[in-house]
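K.L.:
Predicted model follows, preceded by the sequence.
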Amino acid sequence: MESRTQRIFLGAAALAAGLNLAPAAAQTEADSEQRSVLDRIITPDMERREINEDKIDSEDFEFGVYYGVMSVEDFGSNEVTGIRLAYHVSEDFFLEAAYGETTTSETSFELLNGSVQLLTPEEREFNYYNLSIGYNFLPGEVFISENWAFNSTFYLIAGAGNTDFAGEETFTYNVGMGLRFFATDWLALHFDVRDHIMDLDIFGEEKTTHNIEAHVGLTFFF
């Protein structure tokens, strides 16, 4: 009797276990079918691009040369050349020392009166040096093509110094802006526009003159 009772209980337990496993197996099969459908709908076959990011050198000094055009008020527009040395105090600010020179042309008054020469050839040499502070803003990238992108930043700059012109040394302010274009991790191109502001007394009356300079430069980090 006990043996028959045990068999009945064991059979009932086995039936209950089978009933519990059946829904779990059905749920597992349903989940598997759902994943298969999702895999067919969403195919993550994204081709990864390899990007080689150029690391900018951590050197703080920048030295270079520049060439452009300078318009000296009343004395025409002529070629200007110069050198610059900058020290980057931080990512935002830098100090720059610059020296430039140009040779001015004759004034319209001198051209109309051929016998009149206001300045000697030596006095027509326009040389300046200054110390300025610059502020970097709008950092970004310049895209040359789909595969080439270069770091760049705009900057504002202002300073003061001296100008040797017309036989005198004159205190001069300078203000301007520029674009620094990083060609490599140690080489940069510059595009600058600056105004050299000073007082001149050549025609018998002192006046404030604005002398606009636009140049392209090449600098090296070290």
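P.N.:
Yep, it's here.
K.L.:
CA atoms for contacts and neighbours, from now on please.
P.N.:
OK.
K.L.:
need the helices for this protein, in chain order.
P.N.:
2-41, 108-112 (DSSP state H).
K.L.:
just flag whichever of the ones you listed has the lowest average confidence.
P.N.:
Between the helices of the chain, the lowest average pLDDT goes to helix 2-41, which shows a mean of 54.
K.L.:
If you rank every helix and strand of this protein by mean pLDDT, what lands last?
P.N.:
helix 2-41 (a mean of 54; mean pLDDT, DSSP states H and E).
K.L.:
And this structure, what are its domain boundaries?
P.N.:
The chain resolves into domains spanning 1-50, 61-221 when parsed by automatic domain parsing.
K.L.:
Need the winner for burial among those domains.
P.N.:
Mean neighbour counts were compared across the domains of the chain using mean count of other CA atoms under 10 Å; the top stretch is domain 61-221, at a mean of 17.
K.L.:
Distance from it to the middle of the chain?
P.N.:
Put simply, domain 61-221 sits 19 Å off its chain's centre (CA atoms, centre = their mean, to the nearest Å).
K.L.:
and that domain, how far apart are its ends?
P.N.:
The first and last residues of domain 61-221 sit 6 Å apart, counting by CA to CA, to the nearest Å.
K.L.:
Likewise for stretch 65-79?
P.N.:
Using CA to CA, the two ends of stretch 65-79 sit 14 Å apart.
K.L.:
Now tell me what touches that stretch from outside.
P.N.:
80-84, 102-108, 209-219 (CA atoms under 8 Å, 6 or more residues apart in numbering).
K.L.:
run the last query once more with 6 Å
P.N.:
Around stretch 65-79, the neighbours that count as contacts under CA atoms under 6 Å, 6 or more residues apart in numbering are 80-83, 102, 104-107, 211-218.
K.L.:
ditto for stretch 185-202
P.N.:
Around stretch 185-202, the neighbours that count as contacts under CA under 6 Å, 6+ apart are 56-57, 172-182, 206-221.
K.L.:
Narrow those to those in strands?
P.N.:
Among the contacts of stretch 185-202, the members found in strands (DSSP state E) are 172-182, 207-221.
K.L.:
re the thing from before, between the domains of the chain, which has the poorest mean confidence score?
P.N.:
domain 1-50 (a mean of 55).
K.L.:
Can I get the lengthiest strand in the chain as CSV, trimmed to CA atoms?
P.N.:
Looking across the chain with DSSP E, the single longest strand is strand 125-143. The C-alpha trace of strand 125-143 is given here as CSV (Å, rounded to 0.1, in the frame of the first residue of the first chain):
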residue,chain,number,x,y,z
GLU,A,125,62.6,103.6,-44.0
PHE,A,126,59.7,102.6,-41.7
ASN,A,127,60.9,100.2,-38.9
TYR,A,128,58.9,99.2,-35.9
TYR,A,129,59.2,96.9,-32.9
ASN,A,130,56.5,96.2,-30.3
LEU,A,131,55.4,93.9,-27.4
SER,A,132,51.8,92.6,-27.5
ILE,A,133,49.4,90.4,-25.7
GLY,A,134,47.2,88.0,-27.6
TYR,A,135,44.0,86.2,-26.7
ASN,A,136,43.0,83.0,-28.5
PHE,A,137,39.3,82.5,-29.1
LEU,A,138,37.1,80.4,-31.4
PRO,A,139,39.3,77.3,-31.5
GLY,A,140,38.2,74.9,-34.2
GLU,A,141,39.1,72.9,-37.3
VAL,A,142,39.6,73.6,-41.0
PHE,A,143,38.5,70.8,-43.3
